[in-house]
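Chemist: when you get a sec, could you give me coordinates for this:
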Amino acid sequence: MNSYLIYALLGMLLVLNVRADCDDTKAPDDSDFTHFFKNLGCKVKQGAEDVAEAAKPYATKINEGAKDIGSKLAQKYDDIKHHLSDDSSDKPQVTPVVYDAPTEKVPLAPIGGPQPPLPSVASNPAA
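Modeler: The predicted structure is shown next:
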């Protein structure tokens, strides 16, 4: 409920501000209520214009700083890009070393099903 009242007052303020002449004299056909909101709207509008005017130097500095940072960043990117592409063309291509030494052979597990058990040494009569 309170938010509806606030929105209604702000809407009325905007409507009156559009029609307001921003002079301190009260028109004969305006009520005190209308004059109050016209005066308030003019003060808010003037305050916003003052803040915008005061913020212009800061906005200009921020804009120039952002442009400077952006151009430095683009220049650094171009330098690194050219440096990386130039390095790859100047250096000879390195071939990988092939390892030709013999490796240890490890027997693999049998692929088929279970294998018959190996004969034990105790059952061997020749031993």
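Chemist: what helices or strands is the longest helix belonging to the chain leaning on?
Modeler: Ranked by residue count and defined by DSSP state H, the top helix of the chain is helix 32-90. Helices and strands touching helix 32-90, by 3 or more CB pairs under 8 Å, 6 or more residues apart in numbering; DSSP states H and E, are helix 2-19. The C-beta positions use only the backbone N, C-alpha and C, and glycine is treated the same way.
Chemist: averaged pLDDT, the longest helix of the chain. What do you get?
Modeler: What helix 32-90 shows for mean pLDDT is 86.
Chemist: and stretch 54-73, how far out from the chain middle?
Modeler: Computed by CA atoms, centre = their mean, to the nearest Å, the chain-centroid distance of stretch 54-73 equals 19 Å.
Chemist: would you mind writing the CA trace of it as CSV?
Modeler: The C-alpha trace of stretch 54-73 is given here as CSV (Å, rounded to 0.1, in the frame of the first residue of the first chain):
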residue,chain,number,x,y,z
ALA,A,54,29.7,18.7,-11.5
ALA,A,55,30.3,15.1,-12.7
LYS,A,56,31.3,16.1,-16.2
PRO,A,57,35.1,16.6,-15.4
TYR,A,58,35.2,13.2,-13.6
ALA,A,59,33.3,11.5,-16.5
THR,A,60,35.7,13.1,-19.0
LYS,A,61,38.7,11.8,-17.0
ILE,A,62,37.3,8.3,-16.7
ASN,A,63,36.5,8.4,-20.4
GLU,A,64,40.0,9.4,-21.3
GLY,A,65,41.6,6.9,-18.9
ALA,A,66,39.5,4.1,-20.4
LYS,A,67,40.5,5.1,-23.9
ASP,A,68,44.1,5.2,-22.9
ILE,A,69,44.0,1.8,-21.2
GLY,A,70,42.1,0.3,-24.2
SER,A,71,44.7,1.6,-26.7
LYS,A,72,47.6,0.4,-24.5
LEU,A,73,46.0,-3.0,-24.1
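Chemist: give me the buried positions along it.
Modeler: Within stretch 54-73, no residue qualifies as buried by neighbour count (16 or more other CB atoms under 10 Å).
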